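> I would like the atomic coordinates for the input below:
(one chain, ligands or ions: 1)
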Amino acid sequence: MQDINQIKDQICDVCHKMWQLGWVAANDGNVSVRLEDGTFLATPTGISKSFITPDKLVRINDKGEVLEGAPGYKPSSEIKMHLRCYRERPDVGGVVHAHPPTATGYAVAGKSLDEYSMIETVIAIGSIPLTPYGTPSTDEVPEAITPYLQEHDVLLLQNHGALTVGADLITAYYRMETLELYAKISLTAHLLGGAKEIPMNQIDKLMDLRKNYYKVTGRHPGYKKYNNPNS
Ligand code: 13P
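Residues are numbered from 1 along each chain as shown. Predicted coordinates:
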């Protein structure tokens, strides 16, 4: 049986960490969790993640309708993006959206992070595609991410930020940490003359480690060919 208060505390903790890490400014970012009964807890729209407290979270159904929430609090304006992740991925229990500056720099520059150059990142999150531009809060964003969700747990959103999913909220949050660190390392490698990619036969071995040794949950291909769903 889930302890809802513990999950609310976890959401608040993640929100506070995101703000402290400088991944969000003002009201940026949003977080949600799927509950056992098929409803969802989400951060409210228009509130700094530094000020989120359990009483400000809203409980919604799969249409985004509010089931429980303090007067005046509505779910995140990006809730359609979160709900699409849950709809497309029954294995997903938590979703995090933020604007970590280095990863978002890649998204703003129109660059994906699909180089397989660091073993931890290959094992933890695999290839990171750049999804097409979408107007925030509209159906354009869920439509833009849907083709990528079956094969990826971490997405860069063109000119916007990053999105991570996980079997639970902490896994989704850790993936955002891994993404931002990898973005910083990639940028440093670029300044030093460019990353040296890991050969494909070595990536196969890392994939096996992922399955057998690390027991990493989630989905990711670890191969560039999956990066473009149309290829
Ligand atoms: P909300 O405050 O509505 O969650 O929006 C923040 C944001 O980052 C939009 O992309």
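
> Now the residue nearest the centre of the chain: phi and psi?
Nearest to the mean C-alpha position of the chain, by CA atoms, centre = their mean, lies Thr164 at 1.2 Å. The phi/psi pair for Thr164 (degrees, to the nearest 10) reads phi -130, psi 150.

> Now do the same for it: its pLDDT.
Per-residue confidence (pLDDT) for Thr164: 98.

> Now do the contacts for it.
Thr164 is in contact with Val95, Val96, Asp153, Val154, Leu155, Ala172, Tyr173, Arg175, Met176, Leu179, counting by CB atoms under 8 Å, 6 or more residues apart in numbering. To be clear about C-beta, it is placed using only N, CA and C from the backbone, and glycine gets the same treatment.

> quick one: Ala183 and Ala107 touch, right?
No: look at Ala183 against Ala107 with CB atoms under 8 Å: they stay out of range, at 9.4 Å.

> mind checking the SS state of Leu41?
strand (DSSP: H, G, I helix; E, B strand; the rest coil).

> Kindly list the longest helix within the chain.
helix 169-191 (DSSP state H).

> what comes up buried for the next helix or strand after that helix?
Sequence-wise, the next helix or strand downstream of helix 169-191 (DSSP states H and E) is helix 200-212. Within helix 200-212, the residues that count as buried by 16 or more other CB atoms under 10 Å are Ile203, Leu206, Met207, Arg210.

> Next: stretch 100-113.
Pro100, Pro101, Thr102, Ala103, Thr104, Tyr106, Ala107, Ser112, Leu113.

> What are the phi and psi values at Leu157?
Here is the backbone geometry of Leu157 (degrees, to the nearest 10): phi -100, psi 120.
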